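In: what follows is a predicted structure for the sequence shown.
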Amino acid sequence: MDPKLLDILACPLCKGPLKLAADKSELICKADALAFPVRDGIPVMLETEARSLSVDERLDK
């Protein structure tokens, strides 16, 4: 994913920063504990498509 795009993207719910997952398949919002999928290099920024983070993911384990 283009770093410039990641800099301008924000969580659609809280408008907070997003972090690219290590495997580059999701954008993570720690504030809302959601992970938005990245499909074919395109972030899907819909709440209905996001998954909830597990407790371990929330704590960065």
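Out: In hand now; what should we look at?
In: by residue count, what's the longest strand in the protein?
Out: Secondary structure of the chain per DSSP state E: the longest strand is strand 34-39.
In: what comes up buried for it?
Out: For strand 34-39, a neighbour-count test (16 or more other Cβ atoms under 10 Å) marks L34, A35, F36, P37, V38 as buried. (C-beta placed from N, C-alpha, C; glycine too.)
In: now the last one, nearest residue through space, not along the chain?
Out: Think V38. S25 (5.7 Å; Cβ to Cβ, 6 or more residues apart in numbering).
In: for the second one, same thing?
Out: On the basis of Cβ to Cβ, 6+ apart, the spatially nearest residue to A35 that is not a chain neighbour turns out to be E26, at 4.2 Å.
In: okay but the one you found is in contact with P37, surely?
Out: Yes. When contacts are counted by Cβ atoms under 8 Å, E26 is listed as touching P37 (5.7 Å).
In: kindly point out which residues are neighbours of both of those two.
Out: Jointly contacting E26 and P37 under the rule Cβ atoms under 8 Å, 6 or more residues apart in numbering are R51.
In: just checking, what packs against the longest strand of the chain?
Out: Applying 3 or more Cβ pairs under 8 Å, 6 or more residues apart in numbering; DSSP states H and E, we find strand 34-39 packed against strand 26-29, strand 51-52.
In: elements contacting the next helix or strand after that strand?
Out: Moving toward the C-terminus from strand 34-39, the next helix or strand (DSSP states H and E) is strand 42-43. In terms of contacts (3+ Cβ pairs under 8 Å, 6+ apart), strand 42-43 is packed against no helix or strand at all.
In: what are the pairing partners of strand 42-43, and which direction each?
Out: strand 34-39 (antiparallel) (DSSP bridges).
In: got a list of what the residue nearest the centre of the chain touches?
Out: Geometric centre of the chain, nearest residue: L27, 2.1 Å, by Cα atoms, centre = their mean. L27 sits next to L6, L9, L18, K19, L20, A21, A35, F36, V38, P43, M45 when contact means Cβ under 8 Å, 6+ apart.
In: TSV for the residues you listed, including pLDDT?
Out: Shown next, in TSV, are those (pLDDT from 0 to 100):
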residue	pLDDT
L6	89
L9	95
L18	95
K19	94
L20	94
A21	93
A35	97
F36	98
V38	95
P43	94
M45	96
